[in-house]
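Make a model of this:
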Amino acid sequence: MVPAAFVVLERLPLTVNGKVDRGFCRRLEFVSGVGRVPGSGVEEVLCSLFAEVLGLERVGVGDSFFDCGGDSIMAIQLVSRARRAGWVLSARDVFQHPSVEGLARVAVPMGAGGGWWSR
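Residues are numbered from 1 along each chain as shown. Okay, the predicted model is just below:
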């Protein structure tokens with residue numbers, strides 16, 4: 001596993017009780033959205049869903065889901081939200097094609113035949 005980000009700190013963040021604040025890293029803001037803008041409808045939907053699931057303002061087409069802070073549970077949430085938006089993906093797809101661009105190539109519109117069970 002590779003960390004999503006490296007942060008240099010002058011000192012460890014502490015809670016009000018003086019203990020190390022272990023939740024500090026989860027509250028860091030990941031900066032993303034640099035790069036190519038969506039070029040198709042599915043890319044636009046997936047960029048929006050990536051940002052929603054990851055809690056980011058925006059995500060670029062080439063950004064990796066996991067490099068932006070995603071994990072396996074969030075990948076399942078992404079798959080579920082994509083399905084609600086009319087696109088069939090599997091969690092395996094997210095791991096094999098972690099960028100918006102990669103997922104857009106394997107996403108199947110609902111009702112178009114195929115889907116996660118045929119891969």
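
quick one: contacts for the residue most central in space within the chain?
With distances taken as Cα atoms, centre = their mean, Phe65 lies nearest the centre of the chain, 3.3 Å away. Contact analysis of Phe65 by Cβ atoms under 8 Å, 6 or more residues apart in numbering lists 50, 54, 74-75, 78, 94, 98-99. Quick note: C-beta positions are derived from backbone N, CA and C, even for glycine.

Now do the helices in this protein.
With helices called from DSSP state H, the chain shows them at 41-54, 72-84, 91-96, 100-106.

ok, Lys66 - how many residues close by?
That one is not Lys; residue 66 is Phe. 19 (other Cβ atoms under 10 Å).

Excluding residues flanking it in the chain, which one is nearest it?
Pro98 (5.4 Å; Cβ to Cβ, 6 or more residues apart in numbering).

Quickly note the distance from the residue nearest to the centre of the chain to Ala75.
7 Å (Cβ to Cβ, to the nearest Å).

Next, show the common contact partners of the two.
With Cβ under 8 Å, 6+ apart as the test, Phe65 and Ala75 both reach Val94.

Okay, now the unreliable bits of this protein?
1-6, 25-36, 112-119 (pLDDT under 70).

Now with 80, please.
Counting by pLDDT under 80, the chain shows low-confidence ranges at 1-9, 22-39, 111-119.

Could you pull up the residues touching Leu9?
Leu9 touches nothing, counting by Cβ under 8 Å, 6+ apart.

make it 10 Å
Leu9 is in contact with Phe24, counting by Cβ atoms under 10 Å, 6 or more residues apart in numbering.

Now do it against Leu103, distance only.
In terms of Cβ to Cβ, Leu9 sits 34 Å off from Leu103.

Just give the number of residues close to Gly69.
Neighbours of Gly69 (other Cβ under 10 Å): 19.

That should have said Gly86, apologies.
Using other Cβ under 10 Å, the number of residues around Gly86 comes to 14.
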